[in-house]
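> got a predicted model here, sequence first, then my questions.
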Amino acid sequence: QVQLVESGGGLVQPGGSLRLSCAASGVTFSRYAMNWHRQPPGKGRELVAAITRAGDSSIYADSVKGRFTISRNNAENTVYLQMNNLKPGETAVYFCQAVGSGEDEYWGRGTQVTVTS
């Protein structure tokens, strides 16, 4: 059974940092590109960052460039999202997604990030 489990969310002040983790099981992790999405309250889900299967390339939403870093450890079946200088508008549930070939994809249940003073 495939599972993606996010962790590392929590309450942080504006300007603070958090490191999210997404641990995968039940899949050959290195065969999947990995994405982080977020969904603010009352809004749609948006792609935040993505990383290739080998971890040699990544892309970011314009709003997070220079502040967020996605990385992965294929030996540990984990993808990370380092978030620095967080802003109040970035309060959201953060989800990881594994994307394989064709329609092969999986989602985690998300972790809540709340940015507030």
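Structure's in. What do you need?

> so Gly26 touches Val5, yeah?
No: the criterion here is Cβ atoms under 8 Å, and Gly26 misses it with Val5 at 11.0 Å. Every residue, glycine included, has its C-beta placed from N, CA and C.

> higher neighbour count, the two?
Neighbour count, other Cβ atoms under 10 Å: between Gly26 and Val5, Val5 has more, with 14 against 11.

> flag every buried residue along stretch 59-75.
Tyr60, Val64, Phe68, Thr69, Ile70, Arg72, Asn74 (16 or more other Cβ atoms under 10 Å).

> OK, contacts around the spatially most central residue of the chain?
The centre of the chain sits closest to Trp36, judged by Cα atoms, centre = their mean, with a distance of 2.9 Å. Neighbouring residues of Trp36 by Cβ atoms under 8 Å, 6 or more residues apart in numbering: 20, 22, 47-50, 70, 79, 81, 94-97.

> put the buried members of these into a ChimeraX selection.
Of the contacts of Trp36, the buried ones can be selected in ChimeraX as follows, counting by 16+ other Cβ under 10 Å:
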select :20,22,48,49,50,70,79,81,94,95,96,97
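
> out of the contacts of Trp36, who's nearest Thr116?
When these are compared for distance to Thr116 (Cβ to Cβ), Tyr94 wins out at 15.6 Å.

> re the thing from before, okay, and the beta partners of the residue nearest to the centre of the chain?
Ala49, Cys96 (DSSP bridges).

> so what's the gap between stretch 104-117 and the chain middle?
7 Å (Cα atoms, centre = their mean, to the nearest Å).

> now that stretch: mean pLDDT?
For stretch 104-117, mean pLDDT rounds to 96.

> could you export that stretch as PDB, CA atoms only?
Output in PDB follows, covering the C-alpha atoms of stretch 104-117 (Å, rounded to 0.1, in the frame of the first residue of the first chain):
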ATOM      1  CA  ASP A 104       0.300   7.100 -11.600                       C
ATOM      2  CA  GLU A 105       0.200   9.600  -8.800                       C
ATOM      3  CA  TYR A 106      -0.300   9.600  -5.000                       C
ATOM      4  CA  TRP A 107      -1.000  12.300  -2.500                       C
ATOM      5  CA  GLY A 108      -0.400  12.700   1.200                       C
ATOM      6  CA  ARG A 109      -3.000  13.900   3.700                       C
ATOM      7  CA  GLY A 110      -1.200  17.200   4.300                       C
ATOM      8  CA  THR A 111       0.400  19.100   7.200                       C
ATOM      9  CA  GLN A 112      -0.900  22.400   8.500                       C
ATOM     10  CA  VAL A 113       1.300  25.400   8.500                       C
ATOM     11  CA  THR A 114       0.100  28.500  10.300                       C
ATOM     12  CA  VAL A 115       2.000  31.700  10.000                       C
ATOM     13  CA  THR A 116       0.800  34.300  12.600                       C
ATOM     14  CA  SER A 117       2.200  36.700  15.000                       C
END
